[in-house]
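Undergrad: would you be able to build a 3D model of this:
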Amino acid sequence: MVGLFLGSAVFFYASPGKPKIGIINIPFTVINDRSAFEIGAMLDFVRLLNLGVEPYLAAAAVIGCLAQRLVRHVCPKCGVPSEATATETIAYQQAMQEPAPHFVSGPGCNFCNASGFVGRSGVFEVLAVDEAIRRQIAHGASGPEIRDTATGNGMVAMRRAGMQIARSGKTSVSEVFRDSFLID
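TA: Okay, the predicted model is just below:
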């Protein structure tokens, strides 16, 4: 994954052949060897600092970070309520701080080509940089410290966002696990 560190924002895109670039003043290319999803949106700051970007520059220039992943939707024709496995139940309870409900899974049918899934939707983690986070970045705070501040300010972590979609019945917990929503 490649990103552009700009005078006003950090843009990450997954398709190197199709970058989306707006008006920029002084771009610096930042190579990220892991996807934003694997490290989470707020840890993009830590990656910038590890790549040699000065903390005061990152704090002043970045207005937000976004991590995203797609999850497949359970087929509406063959989706049935199902019990979560012990691992899924524990992961759900840790992410959501509530008992695990019944989830939906698709055994497969002609409509979904025996996959159990039809269509996809995005799961997002958005970190809006406020003054408290700017101060933390400028003073060299660690990723967990930034995450704690961001979640205290209302950021929904990627795992929790995925579990909310599973709770609504649009996807399965195993689909959330498929894309490794385990780093927090």
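
Undergrad: residue contacts, the closest residue to R160 other than its chain neighbours?
TA: Using C-beta to C-beta, 6 or more residues apart in numbering and skipping the chain neighbours, the partner closest in space to R160 is A95 (5.0 Å). To be clear about C-beta, it is placed using only N, CA and C from the backbone, and glycine gets the same treatment. Under the criterion of C-beta atoms under 8 Å, 6 or more residues apart in numbering, the contact partners of A95 comprise 157, 159-160, 163.

Undergrad: just the element for A95, please.
TA: When secondary structure is defined by DSSP states H and E, A95 falls within helix 86-96.

Undergrad: and that helix, what's buried?
TA: Applying a neighbour-count criterion of 16 or more other C-beta atoms under 10 Å, one finds 88, 91-92, 95-96 buried in helix 86-96.

Undergrad: let's have those residues in CSV, adding distance to P107.
TA: Rendered in CSV, the data for the buried residues of helix 86-96 read as follows (distance: C-beta to C-beta, whole Å):
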residue, distance to P107
E88, 17
A91, 22
Y92, 21
A95, 25
M96, 25
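
Undergrad: from those residues, pick the one nearest A132.
TA: Sorting the buried residues of helix 86-96 by how near they are to A132, with C-beta to C-beta, puts A95 at the top with 24.1 Å.

Undergrad: separation between the closest one and I165?
TA: As defined by C-beta to C-beta, to the nearest Å, A95 lies at a distance of 12 Å from I165.

Undergrad: quick check, pLDDT for the residue lying farthest from the centre of the chain.
TA: Here the centre of the chain is the reference, and by C-alpha atoms, centre = their mean the most remote residue is N110, at 31.9 Å. pLDDT for N110: 94.

Undergrad: that one in helix, strand or coil?
TA: Assigned state for N110: coil (three-state reduction, DSSP: H, G, I helix; E, B strand; the rest coil).

Undergrad: how about N113?
TA: When classified by three-state DSSP, N113 comes out as coil.

Undergrad: and for it, the neighbour number?
TA: 11 (other C-beta atoms under 10 Å).

Undergrad: burial count for the nearest residue to A128 once chain neighbours are set aside?
TA: Spatial nearest neighbour of A128, excluding adjacent residues (C-beta to C-beta, 6+ apart): G64 at 4.9 Å. G64 sits with 15 neighbouring residues when counted by other C-beta under 10 Å.

Undergrad: go on, C75?
TA: Residue crowding around C75 was assessed by other C-beta under 10 Å; the count is 23.

Undergrad: pull the contacting residues for it.
TA: If you count contacts by C-beta under 8 Å, 6+ apart, then C75 has 106, 108-109, 111-112, 115-118 around it.

Undergrad: ok, now how distant is it from N113?
TA: With distances defined as C-beta to C-beta, the gap from C75 to N113 amounts to 9 Å.
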